[in-house]
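Engineer: pasted the sequence and its predicted model underneath.
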Amino acid sequence: MNGYYTVHDNIDVTKARMGFAPHVTSSKVNVATAFTPSKSVEALQWELTFIYEIYQYVKLYTGDLFYSLF
């Protein structure tokens, strides 16, 4: 994130935290509290495979026909 310092707090590794703060010359505002993602990394891992790329291609060019097969 350009214009921000990144702050890591790993003193307690079970409650590790990371924060962002604008640096002195930045015109950006403070970052608000964020949320924890609802999906795990494992749930999204398949999107990094070539099978997902094929799936997206087929979905794009066949539309509803692809979904009616399943």
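Structural biologist: That came through, no problem.

Engineer: show me where the protein has strands.
Structural biologist: 4-9, 17-22 (DSSP state E).

Engineer: remind me what the last one packs against, helices and strands.
Structural biologist: Judged by 3 or more C-beta pairs under 8 Å, 6 or more residues apart in numbering; DSSP states H and E, the packing partners of strand 17-22 are strand 4-9. For glycine as for every other residue, the C-beta is placed from the backbone atoms N, C-alpha and C.

Engineer: how far off strand 17-22 does the strand it packs on point, in degrees?
Structural biologist: 160 degrees (axes from the mean of the first three to the mean of the last three C-alpha atoms, to 10 degrees).

Engineer: mind listing what's buried along strand 4-9?
Structural biologist: Under the neighbour-count criterion of 16 or more other C-beta atoms under 10 Å, strand 4-9 has nothing buried.

Engineer: who's in contact with it?
Structural biologist: Strand 4-9 is contacted by residues 16-23, 26, 28, 31 when judged by C-beta atoms under 8 Å, 6 or more residues apart in numbering.
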